[in-house]
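**Student:** Mind looking at a prediction? Sequence and model below.
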Amino acid sequence: MRYLALCGVLLFAPVAASAAEPAMTTITWNNPLVEQRADAQIAYQADGNYYFTATVPEYDRIELRRAPSLEGLRTAEPKVIWRKHDTGIMASHIWAPELHHIDGKWYVYFAAGGQPNVWDIRLYVLENSSPDPFQGEWVEKGEIKTKWESFALDATTFAWKGVRYLVWAQKDPAFPRVNSNLYIAKMDTPWSITGEQVMISKPDLPWEQIGYQVNEGPAVLIRHGRVFLTYSASATDFNYCLGMLTAKDDADLLDSQSWTKSPRPVFATWTVNGIYGPGHNSFTTTPDGKTDILVYHARTYRDIKGDPLNDPNRGERAQVILYHPDGTPDFGVPVADGPVTIQTYATAPVSMPSATTTATNSNTGGQTVVYVPVRVVAPEVSVFGLVYHPGTVAIPANRTLTLADAIKQCGGLNPNADRYIDIRRLDSAGGTIELKDVDLSGALTDPKKDIALQAGDKIFVTPSVNSSSFKRP
């Protein structure tokens, strides 16, 4: 079993290796991956390359780029595979292309408006029968016909249990104030759907209705016995965020009752790290397929002059996805721009995990993730009131870890955090211990004020009501 060492938004940095420590592999990329691109899809394909396609600021063409590493996409030469028409259909607003390899051929799904009717946006498909999508001819297969001739965009496709599905966003003409809902249908060809199209989500929560009532940009991740479907909500400014639907992987995906919506955004603006409006994501993996990666676009500033669609400065970013103990994805918060590093040890090094492990704060840039094989399930700990993103600390086998140890593993006291805190411990047996007005600095020096943590415990740390200095990000 691998273990992902993480503390809230403070992530373990590597300790100095000694001769006794095992070999380690490292994967690194820098955020933003590609600037002035939005709605990106990155997919790792069988030829050993990552393929990248995204909306360009001019909204006039579809590009592909590829590289054997995520970092390599930054400088990879883009190839234009298709350009918009001058008039009629497919002549404006070329948005959100996705590349898929289906039954030996390549397909690109995208949205496009017309000319002069630029908001007559519909779903379209290109096909290429060449083994190499950078070669051959891209043929227009036409519009994907849905239930209505109405605003439609952001198509994605996936196959599960022998059935291929299309998921997309579309406006229901019966509800003029709602910009778009999410729909799913079976596909009978890679460019057409069959049977009923089923609405699986509508923007019915307040955080989905800021600026516009929007559910769009679906992306599918199938893990741990469930189908997770993320989507984007609200206006494309700093309010843009990700929501998530969940279905059991043996459920009828064409039954709207099979899908459960998370009540809050699963990924949103994080001002501490300077990342605003993260959204329209896709999923990829490390080349070995063992680590899932979230790809999303965002800006580095909050306020936008004029229409956000005319601001070109959304850039593509990627970060590691964690998982909660119940198997659901924990996307955390958008990490600050900088290097993202994944380090994997073949076996547990003697110097890690330990209370002396140094830490790097993702608030200052990037993300460091270290995989260490261990035999226990560690607790979840959120320090310094960062309850939005509980993390974990390492508990070596056959011992306990104190709160003081946990804080040391997270890099020590944060001078900007509140000194007095409330602590709630949920142990693996279901018991609860609550402590009020704990002096955090005292917990580091006075054993009587410390707490022994065991594998399976969950510790939640929040500012005390009697303190005033803490300011939540």
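**Tutor:** Now that the structure is in, tell me what you want to look at.

**Student:** and the longest strand for this protein?
**Tutor:** Residue-count comparison of every strand in the chain, with assignments taken from DSSP state E, identifies strand 88-102 as the longest.

**Student:** Can you give me the buried ones in that one?
**Tutor:** 89-101 (16 or more other CB atoms under 10 Å). C-betas here are computed from N, CA, C, even on glycine.

**Student:** Can you lay out those residues as TSV showing pLDDT and distance to Tyr44?
**Tutor:** Formatted as TSV, the buried residues of strand 88-102 follow (pLDDT from 0 to 100; distance: CB to CB, whole Å):
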residue	pLDDT	distance to Tyr44
Ile89	97	33
Met90	98	29
Ala91	98	33
Ser92	98	32
His93	98	29
Ile94	98	24
Trp95	98	23
Ala96	98	19
Pro97	98	17
Glu98	98	14
Leu99	98	12
His100	98	13
His101	98	11
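
**Student:** Check the gap between the nearest residue to Pro97 once chain neighbours are set aside and Glu143 for me.
**Tutor:** For Pro97, the nearest residue in space outside its immediate sequence neighbours is Phe110; the separation is 4.1 Å by CB to CB, 6 or more residues apart in numbering. Per CB to CB, to the nearest Å, Phe110 is found 11 Å from Glu143.

**Student:** Lowest average confidence across helices and strands of this protein, where is it?
**Tutor:** Ranked by mean pLDDT, DSSP states H and E, the weakest helix or strand in the chain is strand 10-12, scoring a mean of 26.

**Student:** hang on, the earlier thing: neighbouring strands of the helix or strand the residue nearest to Pro97 falls within in the sheet, and parallel or not?
**Tutor:** Taking DSSP states H and E as the criterion, the element that holds Phe110 is strand 105-115. As defined by DSSP bridges, the strand partners of strand 105-115 come to strand 88-102 (antiparallel), strand 122-128 (antiparallel).

**Student:** okay, now Phe134: neighbour count?
**Tutor:** For Phe134, the tally of surrounding residues (other CB atoms under 10 Å) stands at 14.

**Student:** Hmm, I typed the wrong one, I wanted Asn30.
**Tutor:** Burial of Asn30, expressed as a neighbour count using other CB under 10 Å, amounts to 17.

**Student:** Confirm that it sits in a strand.
**Tutor:** Yes: secondary structure of Asn30, determined by DSSP: H, G, I helix; E, B strand; the rest coil: located in a strand.

**Student:** what are the bridge partners for Cys241, then?
**Tutor:** Cys241 forms beta bridges with Ala233, as assigned by DSSP bridges.

**Student:** pretty sure it contacts Ile275?
**Tutor:** No: using CB atoms under 8 Å, Cys241 and Ile275 do not qualify as a contacting pair, with a distance of 11.4 Å.

**Student:** quick one, which of those two is more surrounded?
**Tutor:** Ile275 (26 against 21).

**Student:** For beta bridges, what are the partners of the more buried one?
**Tutor:** When bridges are assigned using DSSP bridges, the partners listed for Ile275 are Trp270.

**Student:** The one 4 residues further on now?
**Tutor:** With DSSP bridges applied, Gly279 shows beta-bridge pairing to His297.

**Student:** so what's the residue nearest to Pro97 scoring on pLDDT?
**Tutor:** As predicted, Phe110 sits at a pLDDT of 98.

**Student:** Can you get me a residue count around it?
**Tutor:** Counted with other CB under 10 Å, residues neighbouring Phe110 total 24.

**Student:** For it, which residues are in contact?
**Tutor:** Ile62, Ile94, Trp95, Ala96, Pro97, Glu98, Leu123, Tyr124, Val125, Leu126, Ala155 (CB atoms under 8 Å, 6 or more residues apart in numbering).

**Student:** Export the residues you listed to a markdown table and append columns for distance to Ile184.
**Tutor:** Formatted as a markdown table, the contacts of Phe110 follow (distance: CB to CB, whole Å):
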| residue | distance to Ile184 |
| --- | --- |
| Ile62 | 24 |
| Ile94 | 24 |
| Trp95 | 20 |
| Ala96 | 17 |
| Pro97 | 20 |
| Glu98 | 16 |
| Leu123 | 13 |
| Tyr124 | 19 |
| Val125 | 17 |
| Leu126 | 22 |
| Ala155 | 11 |
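
**Student:** if we can go back for a sec, can the strands paired with strand 105-115 go into JSON lines with extra columns for distance to Tyr165?
**Tutor:** JSON lines is the format used below for those (distance: least, CB to CB, whole Å):
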{"stretch": "strand 88-102", "distance to Tyr165": "12"}
{"stretch": "strand 122-128", "distance to Tyr165": "14"}
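
**Student:** Those: which one's closest to Arg299?
**Tutor:** The closest of the strands paired with strand 105-115 to Arg299 is strand 88-102. By CB to CB, the value is 17.3 Å.

**Student:** picking that back up, joint contacts of Cys241 and Ile275?
**Tutor:** Once CB under 8 Å, 6+ apart is applied, the residues that Cys241 and Ile275 both contact turn out to be Thr269.

**Student:** circling back to that earlier point, what's the overlap in contacts for Phe110 and Glu143?
**Tutor:** With the criterion set as CB under 8 Å, 6+ apart, the overlap between the contacts of Phe110 and Glu143 is Leu123, Tyr124.

**Student:** Please verify my assumption that Asn128 contacts Trp106.
**Tutor:** Yes: using CB under 8 Å, Asn128 is in contact with Trp106, at 4.3 Å.

**Student:** Same drill for the two, tell me which one is more crowded.
**Tutor:** Under the criterion of other CB under 10 Å, the comparison of Asn128 against Trp106 puts Trp106 first, with 24 against 21.

**Student:** Show the contacting residues for that one.
**Tutor:** Trp106 makes contact with Leu99, His100, Glu127, Asn128, Ser129, Ser130, Pro133, according to CB under 8 Å, 6+ apart.

**Student:** for the second one, which residues make a bridge with it?
**Tutor:** Residues found in beta-bridge contact with His100 (criterion: DSSP bridges) are Tyr107.

**Student:** how near is it to Thr271?
**Tutor:** Using CB to CB, one obtains 35 Å as the distance from His100 to Thr271.

**Student:** Poorly predicted segments of this structure, please.
**Tutor:** Flagging of the chain using pLDDT under 70 yields the residue ranges 1-23, 344-366, 368-473.
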